[in-house]
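Enquirer: Based on what follows, work out the 3D shape:
(one chain, ligands or ions: 1)
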Amino acid sequence: MQLDLFSSIPEQEDEKQRIFSLREELERHNKNYYVNNQPTISDQEFDRLMRELQDLEQKHPELYDPTSPTQHVGSDLQEGAFEQVTHQYPMLSLANTYSEGEIREWYDRVVRGLNGEQPEIVCELKFDGTSISLWYENGILQRAVTRGDGQRGDDVTRNVRTIKSIPQRLNPQLNYPNHFEIRGEILMPWEAFDRLNKEREEQEEPLFANPRNAASGSLKLQKSSEVAKRGLDAYLYYLLGEQLPAQTHFDNLQTAKQWGFQISDAIKVCSTIDQIMDYINFWNTERKKLPVATDGIVLKVNSLKQQQQLGFTAKTPKWAIAYKFQAERALTRLVSVTYQVGRMGTVTPVAELEPVLLAGTIVKRATLHNEDFVRQLDLHIGDMVYVEKGGEIIPKITEVELSARSTDAQEVSFPEVCPECGAKLFRRDGEAAHYCPNSEACPPQVKGRIEHFVERKAMNIDGIGTEIIDMLYKKGWVRTYADLYELHTHRQELIAQDKMGELSVSNMLNAIEQSKQQPFEAVLYALGIPQIGETTAKKIAREIRSIDNLMNASAEQLQALEDVGPIMAQGIVDWRNKEQNKQIIERLKQYGLNFESTQIVTSDGPLKGLSIVISGTFTQHSRDEYKALIEQNGGKNVSSVSAKTDYILAGENMGPAKLEKAQKLGVKIIDEQTFLQLIKQ
Ligand code: IVH
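Expert: Numbers count the residues shown, from 1 in each chain. From the prediction side, this is the model:
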């Protein structure tokens, strides 16, 4: 008896301690997830910690705390950034599980709660984005509010108005209630996500780990014009209000679809648990073909009356549950950490792994983002680590298997000096990245700028790849991209190089000469000014018209340009104030590069007022040329198909998602020939 007592006290104490530390830990993860949009653990690990806390709290009711993360939803509120609005109905979360057994238990609980009645269950996809509440009055969108802390959310109406699939105004002929609320998920489709991350990679900005973070980060941007460029989409899944059109959830959604809301076609009413399991198994694989990320299935009792009968807990409705798909993950060893220096000096730690098969591909490396990420994982060399590819394309280390750590394992320590040139690294205020300051002489920065300069979308100099740039750099013939235009003076020496013949040298020099024809917008992009990606370069080129204007404009004048914010303006000013850059511009002018915009900005032409989406591959012009042709002829090139799209210019292998959507919306599909005819007229 005595023994028992003694041994149980420390255990009880441990559990109490564990409750406090779990609460603290989960609050930290909530903040990383909902506010910073940079989770440091996987969803699955988060759910596991939450479940552990729930179980412990149940065992220790004396430690009940209404502020515990088990009692409230994670908050996305950003103090000061947006006006905060109280929800008419609290915005709850969903209970979730990864186990089919628990789905069966939930179903049995529901049946018991309904006194043995077998309910209809609506099965839906669980979209992996960020939730939104939309208020309509007399058919007009009044407010769009994030979930916030469940009681109050951020008013992001102006940003939501940029999302094409959300109707601003319903057709007045339809019969909808005067007041209603509809909730759903704001998403970033894979295509837009890939494009955004590619742009961010080029700009050495931190990448978004997955479309969910990208969607919620975008929705909270201060500039709506920026949000508009992010290609967000939305699916709606919950209609609320006093005068709903139907008595079942399914019928309400189908009616909302007729009002013009985007409701998924994957919704199904099931009447047995076996049908539910079939639905889960079907979508577990089929979802990979969808254009948007999903992370599970949501089950909801169909009848609103039965929903009412079942009611809610503090945080979740009892009439619904989410089944979450297992993320694909693998366990492997961290062999070492290397550091990559980008063309703008960002130093990125990279995990070098023992090769492991994950979701059909061999993973050998994973980005570790920055020092904070490494610290949070508490990485040691030789650790066994979990690598995940949830929905993400880039494999990510989500967790260390601490039980497998050897006692003498060395902690990963971030270098103080640049691994490439030895300069002392620095961090900018409020940024997680380390930078190498030696932009003029640090080899990967110098070579990286040249690689960027010759890119197809920049100066389009064919035949100069990484290897050749390496050789040109080592020989000392090219130290800045301006030196490329003097390369002809080394013609004979070039021909004498390994793997370079007369012909390839001629081709290369011709391509360099030819690049002088590239338009101003491409030159502006090629210069590699921080923050100026391809799209921004185009817009700036059009507005500012010449490099002289750019070099002489004040920071205020720069900020007055459509897409330029204070950070970008400062980036431009810092760049052009560097003596080296001034000299390079002067030299490039002498070589005859295009430093003035010749493009005629037109809102007129045969395509005036038409929105055109490009899809597939073409034979007569490149995609970029088609984009330019659309704009030069007064049309607007848009990235995703919506009801407002007038044409799809389709090449070969048009994306199946676009095709399906186009057919559904009745958007006209035209081929290259027809398009070229159209602009000839
Ligand atoms: S229904 C009261 N349906 O999942 C029920 N939620 O983890 C409200 N979600 O906050 C939610 N797809 O952001 C519902 N088809 C779907 C969903 C869905 C994604 C999100 C939603 C919710 C979260 C809960």
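
Enquirer: My guess is residue 344 contacts residue 204. True?
Expert: Yes - counting by C-beta atoms under 8 Å, residue 344 does reach residue 204; the two are 4.5 Å apart. All C-beta spots, glycine's among them, are computed from the backbone N, C-alpha and C.

Enquirer: any idea which helix or strand carries the residue in the chain that the ligand sits nearest to?
Expert: Here the residue of the chain nearest the ligand is residue 131; by C-beta to the nearest ligand atom that distance is 3.1 Å. Residue 131 is part of strand 130-137, with elements assigned from DSSP states H and E.

Enquirer: Listing partners with orientation, what would you give for that strand?
Expert: Sheet neighbours of strand 130-137, with direction, are listed as strand 140-146 (antiparallel), strand 179-187 (antiparallel) (DSSP bridges).

Enquirer: what does this structure have sitting close to the ligand?
Expert: Those residues of the chain that sit near the ligand, judged by C-beta under 6 Å from any ligand atom, are 92-94, 124, 126-127, 131, 185, 237-238, 298, 317, 320, 322.

Enquirer: same thing but 5 Å
Expert: Residues of the chain found near the ligand, taking C-beta under 5 Å from any ligand atom as the criterion, are 92, 93, 94, 124, 126, 127, 131, 185, 237, 298, 317.

Enquirer: Wasn't the fourth one part of a strand?
Expert: This points to residue 124. Yes - the assignment for residue 124 by DSSP: H, G, I helix; E, B strand; the rest coil puts it in a strand.

Enquirer: which of the residues in stretch 495-510 are buried?
Expert: 500, 505, 508, 509 (16 or more other C-beta atoms under 10 Å).

Enquirer: what's it in contact with?
Expert: Under the contact criterion C-beta atoms under 8 Å, 6 or more residues apart in numbering, stretch 495-510 has outside partners 461, 462, 463, 464, 468, 471, 487, 488, 491, 494.

Enquirer: per-residue confidence averaged over that stretch?
Expert: Taken as a whole, stretch 495-510 has a mean pLDDT of 92.

Enquirer: What is the end-to-end distance of it?
Expert: Stretch 495-510 stretches 14 Å from its first residue to its last (C-alpha to C-alpha, to the nearest Å).

Enquirer: got it, and stretch 384-399?
Expert: From the first residue to the last, stretch 384-399 extends over 9 Å; the measure is C-alpha to C-alpha.

Enquirer: Ok, stretch 408-426 next?
Expert: The stretch stretch 408-426 measures 30 Å between its terminal residues, going by C-alpha to C-alpha.

Enquirer: Equivalent analysis for stretch 353-367, please.
Expert: Terminal-residue distance, stretch 353-367 (C-alpha to C-alpha): 11 Å.

Enquirer: Then stretch 250-269?
Expert: Taking C-alpha to C-alpha, the span from the opening residue of stretch 250-269 to its closing residue is 7 Å.

Enquirer: thinking again about what came up before, my guess is the residue of the chain closest to the ligand contacts residue 187, does it?
Expert: No - under the contact definition of C-beta under 8 Å, residue 131 does not touch residue 187, with a separation of 10.6 Å.

Enquirer: of the two, who's got more company?
Expert: Comparing residue 131 with residue 187 by neighbour count (other C-beta atoms under 10 Å), the higher total belongs to residue 187, at 27 against 21.

Enquirer: what residues are up against that one?
Expert: Here residue 187 is in contact with 127, 128, 129, 211, 215, 232, 233, 234, 235, 292, 293 (criterion: C-beta under 8 Å, 6+ apart).

Enquirer: quick one: which of those has the most company?
Expert: In terms of neighbour count, residue 215 stands highest of the contacts of residue 187 at 31 neighbours, by other C-beta under 10 Å.

Enquirer: any idea whether that one is helix, strand or coil?
Expert: Classification of residue 215 using three-state DSSP returns helix.

Enquirer: hang on, isn't it packed against residue 130?
Expert: Yes - distance between residue 215 and residue 130: 5.2 Å, which falls inside the contact criterion (C-beta under 8 Å).

Enquirer: which neighbours do those two share?
Expert: residue 186.

Enquirer: quick one: low-confidence parts of the protein?
Expert: Segments of the chain classed as low confidence (criterion: pLDDT under 70) are 1-11, 79-80, 390-393, 599-603.

Enquirer: Who are the contact partners of the most centrally placed residue in the chain?
Expert: Within the chain, one residue has its C-alpha closest to the average C-alpha position: by C-alpha atoms, centre = their mean, that is residue 214, at 3.1 Å. Residue 214 makes contacts with 37, 188, 193, 196, 197, 208, 230, as judged by C-beta under 8 Å, 6+ apart.

Enquirer: got the residues of the chain next to the ligand as JSON lines, with distance to residue 354 columns?
Expert: Compiled in JSON lines, these are given as follows (distance: C-beta to C-beta, whole Å):
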{"residue": "92", "distance to residue 354": "43"}
{"residue": "93", "distance to residue 354": "38"}
{"residue": "94", "distance to residue 354": "37"}
{"residue": "124", "distance to residue 354": "40"}
{"residue": "126", "distance to residue 354": "33"}
{"residue": "127", "distance to residue 354": "35"}
{"residue": "131", "distance to residue 354": "39"}
{"residue": "185", "distance to residue 354": "37"}
{"residue": "237", "distance to residue 354": "42"}
{"residue": "298", "distance to residue 354": "38"}
{"residue": "317", "distance to residue 354": "45"}
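
Enquirer: follow-up on the earlier one: among the contacts of residue 214, which are located in helices?
Expert: 193, 196, 197 (DSSP state H).

Enquirer: Kindly indicate the member of these with the most neighbours.
Expert: Counting neighbours by other C-beta under 10 Å, residue 193 leads those with 26 neighbours.

Enquirer: Which residues does the strand holding residue 131 contact?
Expert: When contacts are defined by C-beta under 8 Å, 6+ apart, strand 130-137 is touched by residues 76, 87-88, 91, 141-147, 153, 156, 160, 166, 170, 176, 178-186, 212, 215-216, 219, 234, 236.

Enquirer: Buried ones only from those residues, please, as a PyMOL command.
Expert: Entered in PyMOL, the line below selects the buried ones among those, by 16+ other C-beta under 10 Å:
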select buried, resi 76+87+91+141+143+144+145+146+147+153+156+160+166+170+176+180+181+182+183+184+185+186+212+215+216+219+234+236
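
Enquirer: Correct me if wrong: residue 668 contacts residue 646.
Expert: Yes - when contacts are counted by C-beta under 8 Å, residue 668 is listed as touching residue 646 (7.1 Å).

Enquirer: Of the two, which one has the most company?
Expert: residue 646 (16 against 10).

Enquirer: And that one, how close does it get to residue 637?
Expert: With distances defined as C-beta to C-beta, to the nearest Å, the gap from residue 646 to residue 637 amounts to 12 Å.

Enquirer: now residue 258
Expert: 31 Å.

Enquirer: and if you look at residue 512?
Expert: According to C-beta to C-beta, residue 512 and residue 637 sit 30 Å apart.

Enquirer: who has more neighbours, the two?
Expert: Looking at residue 512 and residue 637 with other C-beta under 10 Å, you find the greater number of neighbours at residue 512, namely 21 against 17.
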